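Enquirer: give me a model of this one.
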Amino acid sequence: MKTNVSLLFYLKKQKNYESGDVPVYLRITVNSKRAEIATGRQCDPKRWNSKSGRMSGCREDARSVNVYFANLQQKLFDAHSELVRSGETVTAESPKSKFYGRIEKPRMLLGILKDHNHRMEALVGTEYAAGTLKRYKVLERHTIAFLNDRFKASDFDIKKIDYAFVIDYEFYLRTVRQMGNNAVVKHMKMFRKILNICLNNSWIQVDPFANFKGTYKKVDKAILTQQEIELIAGKEFVSERLSQVRDTFLFCFYTGLAYSDVQKLKISDISVGFDREHWIIIQRVKTDENCHIPLLPEARSIIDRYKNHPFCLLRGNLLPVPSNQKMNEYLKEIAVLCGINKAMTSHVARHTFATTVTLQNGVPIETVSKMLGYTNILTTQFYAKIMDLRVSKDMLALKNEFLNRK
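Expert: Numbering: from 1, shown residues only. Presented below is the predicted three-dimensional model:
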């Protein structure tokens, strides 16, 4: 990579300088970044030519110092040329280190990534959710596999990471790992965070992601109809585990809560509101936003059904919620038994609450956004297409009103 390098000899006066000789320094500038070297020589400001960066005059001492500066300058240029030939990233400090014979220990990608994950692990429960840490652990595993597949290496010098590295990594995720577009974009966004740490610490000088763009594709999320919800609610299951998962799913459907919020729900999270009705008042795990949700009668009956369940009594939970992996596995089984040809996950209940339960029944989108605990109402705009059905119903009623008047 091309680097712009310039050297300048200058006098470095102290703040309280009055008179006498002043130390001469050499400034190295690489791509607008600076480093300096003490030359070990001094000069009277009256004898200094700032334009040429040399001592003025033809006296023996001036010629001797100027020859020394010329030799020093050449050695710095030679150090720079050697760095370029070896393919190393040139910074303002690297020619200086090369000149002094100091070998800079390379910073390695996996070391930085593992340190990031270690720090994040210490903050799980306060600043990060456990799921966020899990995703960065996956990033770590994929990075290890990529380095082995592409470079046959166990680690990688971060100064050698460039745009080509980023593109290769993205291609690896799409082909070898067979990730979908949105998963790749999310993965590369996390990887970019790691490289931003390197940039902010000046461990690398150029952003490898500068010309990289990843775009999310719109995905139609599964949403259940009222008839499908009634079918699930009325289904009798022989297995107790399927009944419990069905009830947890329905609770999410009636409250709009995400799996991570329902899993942590306690009896203390239920409060009597200003309207003397029962409300769920929690702080969302994902966004830390306060969430206030009035309890519908159907949700209350599910809570009452499990108030004496051994799992709930032992752990203090409101419902016997299994792991997210198991819940999604059982929901697929429930979908088959109910004849529903949709990709059933725990999050489908949340989407269905926002649409089938609220927006389609005339609840304003601002209210829905507040109950879902979104930090930005634009996030709720995903459900706007469902509002078209509501608009159609309202306009049909208006049309009938006009017909009745005629």
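Enquirer: avg pLDDT for the host helix or strand of Ala233?
Expert: Following DSSP states H and E, one finds Ala233 within helix 226-234. In this model, helix 226-234 carries a mean pLDDT of 89.
Enquirer: what does stretch 302-314 give?
Expert: What stretch 302-314 shows for mean pLDDT is 91.
Enquirer: for Cys312, grab phi and psi.
Expert: Main-chain torsions, Cys312, degrees, to the nearest 10: phi -70, psi -40.
Enquirer: now the strands for the stretch 1-150 of the chain?
Expert: 5-11, 22-30, 33-43, 48-49, 54-55 (DSSP state E, counting those that start in this stretch).
Enquirer: among those, show me which one is buried the most.
Expert: Stretch with highest mean neighbour count among those: strand 54-55 (a mean of 20; mean count of other CB atoms under 10 Å). Where C-beta positions appear, they are placed from N, C-alpha and C, glycine not excepted.
Enquirer: what packs against it?
Expert: If you count contacts as 3 or more CB pairs under 8 Å, 6 or more residues apart in numbering; DSSP states H and E, strand 54-55 packs onto helix 60-85.
Enquirer: buried residues in the helix it packs on?
Expert: Judged by neighbour count using 16 or more other CB atoms under 10 Å, the buried positions of helix 60-85 are Ala62, Val65, Asn66, Phe69, Leu72, Leu76, Ala79, His80, Leu83.
Enquirer: what of stretch 308-316?
Expert: Cys312.
Enquirer: please apply the same query to stretch 301-310.
Expert: Quick answer for stretch 301-310 (16+ other CB under 10 Å): Ile302, Ile303, Tyr306.
Enquirer: what residue ranges in the stretch 101-250 of the chain are flagged as low confidence?
Expert: Low-confidence segments of the stretch 101-250 of the chain (pLDDT under 70): 101-104, 219-221.
Enquirer: what's near enough to touch the nearest residue to Asp157 once chain neighbours are set aside?
Expert: Spatially, and ignoring its direct neighbours in sequence, Asp157 is nearest to Pro106 (4.3 Å; CB to CB, 6 or more residues apart in numbering). Contact analysis of Pro106 by CB atoms under 8 Å, 6 or more residues apart in numbering lists Asp157, Ile158, Lys159.
Enquirer: nearest to Phe99, of these?
Expert: Lys159 (18.5 Å; CB to CB).
Enquirer: so that closest one sits right up against Lys105, yeah?
Expert: No: counting by CB atoms under 8 Å, Lys159 sits too far from Lys105 to count as a contact (11.4 Å).
Enquirer: more neighbours: which of the two?
Expert: Lys159 (20 against 6; other CB atoms under 10 Å).
Enquirer: against Glu170, how distant is that one?
Expert: 20 Å (CB to CB, to the nearest Å).
Enquirer: same thing with Lys137?
Expert: Applying CB to CB to Lys137 and Glu170 gives a distance of 20 Å.
Enquirer: also Glu230?
Expert: Distance, Glu230 to Glu170, by CB to CB: 44 Å.
Enquirer: need the strands of the stretch 1-150 of the chain in CSV (columns: mean pLDDT and distance to Thr255).
Expert: What follows is these, written out as CSV (pLDDT from 0 to 100; distance: least, CB to CB, whole Å):
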stretch, mean pLDDT, distance to Thr255
strand 5-11, 88, 63
strand 22-30, 88, 58
strand 33-43, 87, 54
strand 48-49, 90, 77
strand 54-55, 91, 78
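Enquirer: how about the ones you listed, which one is nearest Ile112?
Expert: Among the strands of the stretch 1-150 of the chain, strand 33-43 comes nearest to Ile112, with 20.6 Å by CB to CB.
Enquirer: which neighbouring elements make contact with that closest one?
Expert: strand 22-30, helix 60-85, helix 93-100.
Enquirer: what angle sits between the last one and strand 5-11?
Expert: Just to be clear, that refers to helix 93-100. On the basis of axes from the mean of the first three to the mean of the last three CA atoms, to 10 degrees, helix 93-100 is oriented at 70 degrees to strand 5-11.
Enquirer: which SS class is the residue nearest the centre of the chain?
Expert: By CA atoms, centre = their mean, the chain has its centre lying nearest to Met190, at 4.7 Å. Assigned by DSSP: H, G, I helix; E, B strand; the rest coil, the conformation of Met190 is helix.
Enquirer: where's it relative to Asn404, distance?
Expert: From Met190 across to Asn404, the span is 59 Å (CB to CB).
Enquirer: between Lys137 and Glu170, who's got more neighbours?
Expert: Between Lys137 and Glu170, counting by other CB under 10 Å, Glu170 is the more crowded of the two (18 against 15).
Enquirer: thinking again about what came up before, okay if I get the helices and strands packed on strand 33-43 as JSON lines plus distance to Asp44?
Expert: Converted to JSON lines, the helices and strands packed on strand 33-43 look like this (distance: least, CB to CB, whole Å):
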{"stretch": "strand 22-30", "distance to Asp44": "8"}
{"stretch": "helix 60-85", "distance to Asp44": "11"}
{"stretch": "helix 93-100", "distance to Asp44": "27"}
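Enquirer: thinking again about what came up before, among the buried residues of stretch 301-310, which ones are in helices?
Expert: In this view, the buried residues of stretch 301-310 that belong to helices under DSSP state H are Ile302, Ile303.
Enquirer: how about a markdown table for the buried residues of stretch 301-310, with distance to Ala354 added?
Expert: Shown next, in a markdown table, are those (distance: CB to CB, whole Å):
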| residue | distance to Ala354 |
| --- | --- |
| Ile302 | 19 |
| Ile303 | 21 |
| Tyr306 | 25 |
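Enquirer: just name the closest of the buried residues of stretch 301-310 to Gly20, please.
Expert: Using CB to CB, Ile303 is the member of those that sits closest to Gly20, with 85.1 Å.
Enquirer: and that closest one, what does it touch?
Expert: The contact partners of Ile303, taken as CB under 8 Å, 6+ apart, are Phe251, Ile270, Leu295, Leu318, Leu319.
Enquirer: quick check: the gap between it and Arg405.
Expert: Distance, Ile303 to Arg405, by CB to CB: 48 Å.
Enquirer: hmm, back to that, and the contacts of Ile303, which two are furthest apart?
Expert: Across the contacts of Ile303, the longest distance by CB to CB is 13.1 Å; it joins Leu295 and Leu319.
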